[in-house]
Structure formats: C-alpha cells, structure tokens
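how does the following fold in three dimensions:
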Amino acid sequence: MTAGPATAAATARERESVFVSVVRAAAEHDALNLAQGVFDHGPLPAVLESLRAVGNGTEHQYAPSAGHPLLRAAVAGSVAAFEDVRVDPDTDVTVTAGATEAIYCALTALLDEGGEVVLFEPAYEQYRPVVEAAGGVVRAVTLPSPEARIDAAGLAAVCGPRTKAIVVNSPWNPWGRVLDEQERAAVAAVSAEFGIVVVADETYEHLMLDGSTHRGVLRAIPDPELRVKISSASKTLAVTGWRVGWAVAGPGLTRRIRARHQFVTFCPAVPLQIAVANVLRYEGFPALRREIVDGVRDRVHRFTASLNELGLKASVPQAGFYITADVGGDAHRWCLDMMPGRGVAALPMAVFFARSDPRTDRLVRFAVCKSGATLDDAVQRLRARIA
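Numbers count the residues shown, from 1 in each chain. Okay, the predicted model is just below:
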C-alpha cells in the first residue's frame with residue numbers, strides 16, 4: 001500500500017538523517033569519517049581574517065531577518081561578477097542558516113497539500129523529507145550513472161498541473177558533475193511550458209575542478225519568478241559550522257521564502273554573515289577561490305588514484321570533493337565492514353535513492369574534504385582491510 005501525504009509527512013518527521021547515524025557509528029569505531037562532507041581542518045587564513053575584522057558593536061545584535069545588508073549586497077555582487085546576472089540585494093536575496101534552511105524555506109513556500117516536486121536521483125537526502133513533511137509528493141527521475149542525462153521529454157512526462165517545483169543540484173552531490181547546456185535547456189523548457197519553479201542547489205558552484213565558472217539557474221531561466229538559486233559559504237570556504245547560506249529569487253518568490261524564513265531562524269549569526277560578506281567583497285577573492293580549488297583538485301586526484309590502485313573503480317569528478325567508487329559488491333555491507341577497528345566510514349550510494357537499484361548498489365561515495373594526512377591514513381586503513 002502506498003502511503004498518503006499525511007503518512008509520508010509523519011515518516012519524514014521521525015526519520016533520522018544518515019549523516020547523524022553515520023557520524024555516530026564512525027565515532028563508535030574510531031573510524032575516519034569520509035562519509036560526511038565536513039572538513040577536518042580550518043579555513044584558509046584570509047577567511048579567518050575576515051572574521052577577526054568584524055567589529056565589536058551592533059554587529060553582534062539582530063540583523064534584518066532577510067539578512068545583513070552587507071552580505072546581501074556581497075551575494076548580489078558575486079552573482080554579477082561570476083554569472084553576469086543582476087539581482088537586487090534588497091528584494092531578491094535572502095540569507096539563511098546554511099543552504100539547508102534555504103532549501104527548506106523555498107520548498108515549503110511553494111508547496112501545499114498534495115503538491116508535487118520532481119527530484120533527480122541520486123538526490124541529496126534533505127530534499128525528499130522536506131517535501132513529504134510539507135504534505136507534498138515526490139516524483140523521482142532516476143539517473144543511474146554520471147553519464148545519464150536529463151532530457152525534456154522524460155522530465156515533461158512526470159510533470160503536471162500539481163507540479164510545484166523541479167529540484168536540480170549542480171554541481172551534483174553525489175555524482176560530482178554539472179548539468180550540461182542541453183540539460184539546462186531541457187529543464188528551462190519544461191519550467192516555462194508548465195510554469196514550474198526550478199529550485200537549484202548550487203552549493204558547490206565555486207569548486208569547479210577545471211577552474212571554470214559554473215553556469216547555473218540564473219543564466220538558464222530568464223523569468224526570475226521561476227527560479228531559485230541556493231548556495232552557501234560552507235563548502236567553498238571550509239566553514240560548514242558557520243551555517244551561512246542564501247536564496248536568490250525574483251521579488252515575489254523572495255517574499256514567500258522570507259515569510260517562511262522569519263519563523264525558522266529569524267536571522268543566522270550576524271558576525272558570521274559579516275565575515276562571509278568580507279570574504280566575498282575581498283578584492284583577492286578570485287585568487288582565494290583559485291587556491292581553494294587547487295587544493296581540492298589535488299586531494300581529489302590523489303585519492304581517486306589510490307582507490308583505483310586498491311582495485312576500486314573510481315573516476316575524478318568535474319566539481320566538488322565527492323568521489324564515487326565501485327566496490328564490486330553490496331556497498332552497504334562493504335561500508336559496514338570497513339568501519340570497525342579504527343577503519344574508514346564511507347557512504348553507500350543507495351542512501352541517495354528511494355529504491356534499491358542493482359546499477360548503483362555497488363557504489364560508495366567518499367568525501368575527501370580532508371587534510372592530506374587524513375586521506376593518506378584512510379588509504380592505509382582501506383589497504384589493510386581490502387588486502
């Protein structure tokens with residue numbers, strides 16, 4: 001029997017995140033945590049300096065719920081600089097407690113009971129629970145490999161009068177690839193045909209490993225009321241604990257997002273908002289961005305090569321710091337076997353799909369946003385268990 005919206009909502013409210021359970025399991029086994037996209041080191045000195053530069057007066061009090069004006073202006077400036085799109089910081093930008101809250105506010109602002117949302121699987125685990133908790137219904141489109149592509153006909157087939165949003169994630173966690181020009185055009189065409197809002201999670205936008213500039217939803221969809229760009233400082237700046245993110249949308253959509261946001265966090269930590277603004281406005285940010293990407297690229301290439309040497313088929317992603325490897329059998333069992341006795345925690349790809357699929361059940365995701373020493377240690381631990 002298929003659960004109705006009310007049952008699905010109750011299930012979503014009670015579900016424990018895999019990123020809660022895997023962190024707990026890794027700690028119990030004293031395993032290196034390569035399952036979660038969290039850094040084991042601090043940010044670069046220029047980022048820490050941006051925090052030290054925050055004053056000691058009203059910067060420590062409430063800011064406007066929509067976000068500190070300095071950060072909203074900095075986000076708008078970054079969008080103009082890197083995407084050549086002009087947005088109004090006063091009417092189009094909302095600062096949230098990380099991209100997680102931005103996703104929540106955007107989706108719940110769009111949904112009513114029975115409203116439908118299209119997700120592309122593998123999908124980041126937050127999307128489905130938010131839809132279901134809001135009384136919505138997920139329409140999933142499965143892309144079982146990084147080579148599979150979104151096409152307009154397949155997307156249109158799952159859309160209808162109840163479809164409120166299409167969620168895209170580019171650069172894509174966990175596949176590590178970006179949507180190509182044809183895919184962006186396909187999503188834009190369906191959005192325009194049905195009047196569906198595209199919610200784009202672009203958290204990894206500044207981690208393009210070839211050094212290029214990511215082109216996302218703001219360039220793909222001309223109607224600002226049919227697009228929401230979501231991003232954050234967490235992954236770019238190695239400050240996942242700062243919890244500073246934002247949503248960029250047209251004025252009408254932004255009003256709806258802010259109406260939700262004001263009753264969730266009201267405003268994220270103001271000194272951290274100002275620190276992120278300081279980084280984005282810093283004249284050396286393009287060079288800082290290149291330094292960050294160079295460091296990520298080096299670790300990704302080294303760890304991918306090590307996995308292949310261990311007999312685990314892996315390839316270098318286009319963007320971000322997640323590597324997918326074929327472990328040759330049941331990935332869930334493999335991950336359980338790798339943790340005990342000070343091993344390594346990784347994530348079976350199955351957690352990104354609603355249903356088991358033999359095409360993906362052999363795959364494991366590694367998060368390599370760690371120090372070089374940690375990754376070297378992880379390789380040695382894996383080698384001892386695989387040998």
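
what's the average pLDDT for the strand or helix carrying Ile230?
Following DSSP states H and E, one finds Ile230 within strand 227-232. The average pLDDT within strand 227-232 is 98.

outside of that strand itself, list whatever touches it.
79, 98-99, 102-103, 106, 191, 197-203, 205, 216-218, 220-221, 244-250, 253, 257 (CB atoms under 8 Å, 6 or more residues apart in numbering). The C-beta positions use only the backbone N, C-alpha and C, and glycine is treated the same way.

filter the residues you listed down to the buried ones.
79, 98-99, 102-103, 106, 191, 197-203, 205, 216-218, 220-221, 244-250, 253, 257 (16 or more other CB atoms under 10 Å).

shaky segments in the protein?
Along the chain, segments meeting pLDDT under 70 span 1-15, 17, 19.

quick one, domains of it?
Following automatic domain parsing, the chain resolves into domains at 5-43+286-386, 56-283.

related to what we said a few turns ago, restricted to strands, list the contacts of strand 227-232.
Val197, Val198, Val199, Ala200, Asp201, Gly245, Trp246, Ala247, Val248, Ala249 (DSSP state E).

kindly reformat the residues you listed as JSON lines containing distance to Ala350.
Converted to JSON lines, these look like this (distance: CB to CB, whole Å):
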{"residue": "Val197", "distance to Ala350": "29"}
{"residue": "Val198", "distance to Ala350": "27"}
{"residue": "Val199", "distance to Ala350": "24"}
{"residue": "Ala200", "distance to Ala350": "25"}
{"residue": "Asp201", "distance to Ala350": "20"}
{"residue": "Gly245", "distance to Ala350": "27"}
{"residue": "Trp246", "distance to Ala350": "31"}
{"residue": "Ala247", "distance to Ala350": "30"}
{"residue": "Val248", "distance to Ala350": "33"}
{"residue": "Ala249", "distance to Ala350": "33"}
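
ok, those vs Glu125, which is closest?
Asp201 (12.0 Å; CB to CB).

doesn't Thr100 make contact with the closest one?
No - with contact defined as CB atoms under 8 Å, Asp201 does not count as touching Thr100 (9.8 Å).

residue contacts, Ser154?
Just so we're on the same page, residue 154 is Gly rather than Ser. Per CB under 8 Å, 6+ apart, neighbours of Gly154: Val141.

how about the nearest residue to Arg342, chain neighbours excluded?
Distance criterion CB to CB, 6 or more residues apart in numbering; nearest residue to Arg342, sequence neighbours excluded, is Asp30 at 4.7 Å.

ok, now how distant is that neighbour from Cys369?
Shown here: Asp30 relative to Cys369, a distance of 20 Å by CB to CB, to the nearest Å.
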